[in-house]
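> kindly return the folded structure for what I paste below:
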Amino acid sequence: MSDGASPAAYPLSYRTTYEASLTDPDGFWAEAANLIDWVTPPTRILDADNPPFYRWYPDGELNVCHNAVDRHVAAGRGDQPAIHYDSPVTGTKETITYAALLARVRAVAGGLRGLGVEKGDRVVIYMPMVPEAVIAMLACARIGAIHSVVFGGFAPQELAARIDDAAPKVILSASCGIEPTRVVTYKPFLDEAIHRSEHKPEACVILQRPQERAELGERDVDWEEFESGAAAQAGADPVTVAATDPLYILYTSGTTGKPKGIYRDSGGYAVALRWSMEKLYDVQPGETMFTASDVGWVVGHSYIVYGPLLTGATTVLYEGKPIGTPDAGAFWRVISEYDAVCLFTAPTAFRAIKKEDASASLVKDYDLSRFRTLYLAGERLDPDTYEWASAALGVPVIDNWWQTETGWPIACNPKGIEMLPIKPGSPTVAVPGYDVQVLDGEGNQMPPGQEGAICIKLPMPPGTLPTLWQDDERYVSSYLSAYPGYYLTGDGGYCDDDGYLFVMGRTDDVLNVAGHRLSTGSIEAALAGHEAVAECAVIGVHDELKGQVPRALVVLKSGIDGDAEGERIRRELVARVRSEVGAVAALHQVDIVPGLPKTRSGKILRKTMREIADGGSPAVPATIEDASVLEQLGPVLRGT
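Residues are numbered from 1 along each chain as shown. Purely as a prediction, here's the structure:
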């Protein structure tokens with residue numbers, strides 16, 4: 001078996017590589033497929049017989065867990081670290097070798113089998129940043145089960161919606177998560193979510209953490225017993241799946257408030273991630289990658305878990321923050337301690353570090369001699385943060401732009417192919433495989449420098465979503481209907497004369513709060529449930545630290561005195577959003593207003609209000625029903 005080493009080198013220049021990916025996608029992705037061990041190597045590369053539902057490697061068969069763990073042990077690299085677990089919030093550190101990881105994954109996969117989980121069954125993973133979360137993901141992949149990771153601590157209503165949609169046979173969870181200043185109990189959230197959901201799992205396996213143990217109920221199984229029982233002792237070997245079979249479902253916010261289940265296939269994802277590790281991130285087998293994210297997000301799936309492990313690299317699982325655990329040098333300590341060659345995180349993290357240590361004085365306390373690249377994604381990298389990070393670290397700072405839906409970068413400076421000149425404010429150029437175009441409202445390509453809707457011509461490359469989980473119709477209506485033959489990213493921007501892409505922000509009603517996508521619909525639903533609220537709207541406004549934060553505009557029911565009751569209602573609404581959506585929503589500002597501006601068809605003018613709140617002077621849409629409402633709101637939105 002291979003150890004994950006590359007096949008014959010690709011052409012060195014970016015342009016040659018990019019053009020090859022578009023002119024001969026079958027040849028390009030057939031060569032990339034050599035990076036993966038196949039049970040049945042694919043003879044067909046792209047199935048384009050049923051557009052817009054394209055499938056990669058339709059006759060190939062493999063097991064992703066085998067590719068991420070077993071093959072490295074078989075190649076004699078079992079003693080190499082696979083995971084460095086570093087938890088400053090609990091004072092815990094642990095290094096897990098590939099051999100040790102294989103033993104634990106085999107056991108948990110056997111335990112899942114013992115609970116009746118079979119190929120194609122779903123397993124929800126609702127866990128903090130602990131090794132068991134990664135082991136659980138790999139164990140599901142090992143037996144052909146489909147995992148759906150939900151960010152630990154997500155509010156019960158959001159978790160319930162995901163349980164109902166995925167219909168898991170088993171849920172794997174923990175007693176609590178640890179924040180720098182508090183313990184977040186998960187079990188009450190999980191119990192409430194199951195109470196609210198129509199679907200009921202057959203069992204819940206609970207990892208008991210010493211910081212807060214949970215009381216177990218009838219359907220609950222203790223993790224320690226689960227991983228050491230007879231079924232776990234028997235273990236489980238890798239199950240062969242089709243390349244087109246789902247590896248996982250990852251939910252992302254939709255504008256309606258109902259989460260969208262992003263379906264990720266097994267073969268295309270494995271190939272794309274393995275290719276991207278060397279060609280985009282310049283990480284080789286045996287090197288260490290530090291991705292400071294959470295396994296609940298797509299970045300965690302792709303570049304904490306699957307990307308590094310498919311490559312035979314070492315990954316860092318960090319349960320901490322960029323500041324406060326214990327200080328603004330936390331990331332530099334981790335990089336130094338584990339010889340990380342790159343760091344991947346969100347611009348928000350660097351804004352927090354800059355605020356705490358503006359002169360970057362703590363960098364000099366650590367040996368960063370092996371560190372060579374900083375990658376940032378999840379939200380727009382503003383030029384100020386780019387300049388500060390560049391000066392502080394003295395290495396290339398590379399912005400990359402992608403989405404939960406795509407699973408890996410759409411645009412990036414492809415350091416492993418050819419390092420291109422950096423332009424602050426741009427994630428550089430389209431990644432090989434992505435035919436990125438900026439279109440106007442009629443579907444015409446915009447000339448350089450002019451803004452439009454950023455779209456990707458179909459078919460998209462391997463690793464991207466082939467559809468939504470059990471909802472082809474919504475996949476088409478959400479992403480493909482606006483421009484037939486194109487995937488609509490929901491972001492607007494432009495390309496310059498050199499082909500560099502500039503992403504200017506969302507064109508829909510999805511917020512980007514510190515790299516976390518949240519729908520205005522879910523926050524508005526929580527607000528609307530308050531007995532005093534007649535109508536509401538949520539907009540995302542610029543924030544120096546988090547990029548964007550939600551701001552609520554609320555119209556009270558007649559008969560309620562906003563002057564007398566307003567302060568109480570505001571407090572209750574903030575608490576309600578925290579309870580229903582979660583603390584990640586970060587709603588702090590609620591304005592009580594007499595009315596909301598709408599079009600004659602009843603659509604609330606969120607984009608117009610957002611632009612005013614951010615200091616702009618947008619043109620008033622011709623379709624507005626009553627312009628005076630917007631005029632009255634102007635001072636409130638501007639804070640004057």
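
> and the helix or strand hosting residue 525, how far from the chain's centre?
Residue 525 is part of helix 520-528 when elements are defined by DSSP states H and E. Relative to its chain's centre, helix 520-528 lies at 21 Å (Cα atoms, centre = their mean, to the nearest Å).

> avg pLDDT for that helix?
Confidence over helix 520-528 (mean pLDDT, whole number) is 76.

> same thing with stretch 352-369?
Stretch 352-369 comes out at a mean pLDDT of 93.

> circling back to that earlier point, and the helix holding residue 525, what does it pack onto?
Judged by 3 or more Cβ pairs under 8 Å, 6 or more residues apart in numbering; DSSP states H and E, helix 520-528 is in contact with strand 510-513, strand 533-543, strand 547-556, helix 562-580. Every residue, glycine included, has its C-beta placed from N, CA and C.

> which among the ones you listed is found nearest to residue 18?
strand 510-513 (27.1 Å; Cβ to Cβ).

> just the CA atoms of the helix holding residue 525, as PDB, please.
Output in PDB follows, covering the C-alpha atoms of helix 520-528 (Å, rounded to 0.1, in the frame of the first residue of the first chain):
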ATOM      1  CA  THR A 520     -31.000  35.900   9.800                       C
ATOM      2  CA  GLY A 521     -34.000  33.600   9.600                       C
ATOM      3  CA  SER A 522     -33.000  31.500  12.700                       C
ATOM      4  CA  ILE A 523     -32.300  34.600  14.800                       C
ATOM      5  CA  GLU A 524     -35.500  36.300  13.600                       C
ATOM      6  CA  ALA A 525     -37.500  33.200  14.500                       C
ATOM      7  CA  ALA A 526     -36.200  33.300  18.100                       C
ATOM      8  CA  LEU A 527     -37.100  37.000  18.300                       C
ATOM      9  CA  ALA A 528     -40.500  36.600  16.800                       C
END
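
> quick one: terminal-to-terminal distance for stretch 286-294?
22 Å (Cα to Cα, to the nearest Å).

> residues making contact with that stretch?
77, 80-81, 84, 129, 151-152, 277, 281, 283, 299-300, 303-304, 307-308, 312-316, 318, 322, 331, 334-335, 338-346, 349, 378 (Cβ atoms under 8 Å, 6 or more residues apart in numbering).

> same check on stretch 466-478?
With Cβ under 8 Å, 6+ apart, stretch 466-478 has contacts from 52-55, 165-166, 244, 246, 249, 254, 260-263, 265, 268, 465.

> then stretch 428-436?
With Cβ under 8 Å, 6+ apart, stretch 428-436 has contacts from 14, 17-18, 20-22, 25, 28-29, 272, 276, 279-280, 398-400, 408-414, 417, 420, 422, 454-457, 460-462, 495, 499-501.

> just the ones in helices from those, please.
Among the contacts of stretch 428-436, the members falling in helices (DSSP state H) are 14, 17-18, 20-22, 25, 28-29, 272, 276, 279.

> quick one: which of these is nearest to residue 389?
Nearest to residue 389 among these, counting by Cβ to Cβ, is residue 276 at 21.8 Å.

> could you check how far the closest one is from residue 27?
18 Å (Cβ to Cβ, to the nearest Å).

> which of these two has more residues huddled nearby?
Neighbour totals were compared for residue 276 and residue 27, and residue 276 leads with 28 against 12 (other Cβ atoms under 10 Å).

> not counting residues beside it along the chain, what's closest to that one?
residue 408 (5.1 Å; Cβ to Cβ, 6 or more residues apart in numbering).

> can you name the residues that contact that neighbour?
Contact partners of residue 408, counting by Cβ under 8 Å, 6+ apart, are 272-273, 276, 280, 302, 307, 402, 431, 463-464.

> point out the least confident one among those.
Among those, residue 402 has the weakest pLDDT, 95.

> and the helix or strand harbouring residue 343, how far out from the chain's middle?
Per DSSP H and E: residue 343 is located in strand 340-345. Relative to its chain's centre, strand 340-345 lies at 17 Å (Cα atoms, centre = their mean).

> can you read off the pLDDT for residue 73?
98.

> tell me, how many residues neighbour it?
Residues lying near residue 73 (other Cβ under 10 Å) number 21.

> angles on the backbone of it, please.
Main-chain torsions, residue 73, degrees, to the nearest 10: phi -70, psi -40.

> now the one 4 residues further on
Dihedral angles phi and psi of residue 77 (degrees, to the nearest 10) take the values phi -110, psi 30.

> so how far is residue 462 from it?
Taking Cβ to Cβ, one finds residue 77 at 26 Å from residue 462.

> likewise for residue 175?
With distances taken as Cβ to Cβ, residue 175 is found 38 Å from residue 462.

> quick check on the two: which one has the bigger neighbour count.
With neighbours defined as other Cβ under 10 Å, residue 175 and residue 462 compare such that residue 462 has more, 29 against 22.

> where does the more buried one land on pLDDT?
Looking at residue 462, its pLDDT stands at 98.

> pull the contacting residues for it.
29, 32, 56-57, 267-269, 271-272, 433.

> need the buried ones from those residues selected in ChimeraX.
The ChimeraX command for the buried members of the contacts of residue 462 (criterion: 16 or more other Cβ atoms under 10 Å) is given here:
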select :29,32,56,57,267,268,269,271,272,433
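
> ok, so of the contacts of residue 462, who is nearest residue 362?
residue 272 (36.0 Å).

> if you skip the residues just before and after it, what's nearest to the closest one?
residue 463 (2.9 Å).

> I'd say the one you found and residue 267 touch.
No: the criterion here is Cβ atoms under 8 Å, and residue 463 misses it with residue 267 at 9.4 Å.

> against residue 305, how distant is the residue nearest the centre of the chain?
In the chain, the residue lying closest to the centroid (Cα atoms, centre = their mean) is residue 298, at 2.7 Å. Using Cβ to Cβ, we find residue 298 at a distance of 11 Å from residue 305.

> burial count for the closest residue to residue 296 other than its chain neighbours?
Spatial nearest neighbour of residue 296, chain neighbours left out: residue 151 (3.1 Å); criterion: Cβ to Cβ, 6+ apart. Neighbourhood size, residue 151 [other Cβ under 10 Å]: 20.

> three-state assignment of residue 151?
Secondary structure assignment for residue 151 (DSSP: H, G, I helix; E, B strand; the rest coil): coil.

> for it, give me its contacts.
Contacts of residue 151 by Cβ under 8 Å, 6+ apart are 294, 296-297, 584.

> can you check residue 40 too?
Going by Cβ under 8 Å, 6+ apart, the list of residues near residue 40 reads 59-62, 240.

> what do you get if the cut-off is 7 Å, keeping everything else the same?
60-61 (Cβ atoms under 7 Å, 6 or more residues apart in numbering).

> next, give phi and psi for it.
Taking degrees, to the nearest 10, you get phi -130, psi 100 for the backbone angles of residue 40.

> so how far is residue 59 from it?
7 Å.

> look up how far residue 245 lies from the closest residue to residue 119 other than its chain neighbours.
The shortest distance from residue 119 to any non-neighbouring residue, by Cβ to Cβ, 6+ apart, is to residue 144 (3.3 Å). As defined by Cβ to Cβ, residue 144 lies at a distance of 7 Å from residue 245.

> and if you look at residue 83?
Taking Cβ to Cβ, one finds residue 83 at 26 Å from residue 245.

> please apply the same query to residue 637.
Residue 637 is 48 Å from residue 245, by Cβ to Cβ.

> kindly report the same for residue 35.
In this view, residue 35 and residue 245 are 19 Å apart by Cβ to Cβ.

> before we move on, the earlier item: from residue 59, how far out is the residue nearest to residue 272?
In terms of Cβ to Cβ, residue 463 sits 18 Å off from residue 59.
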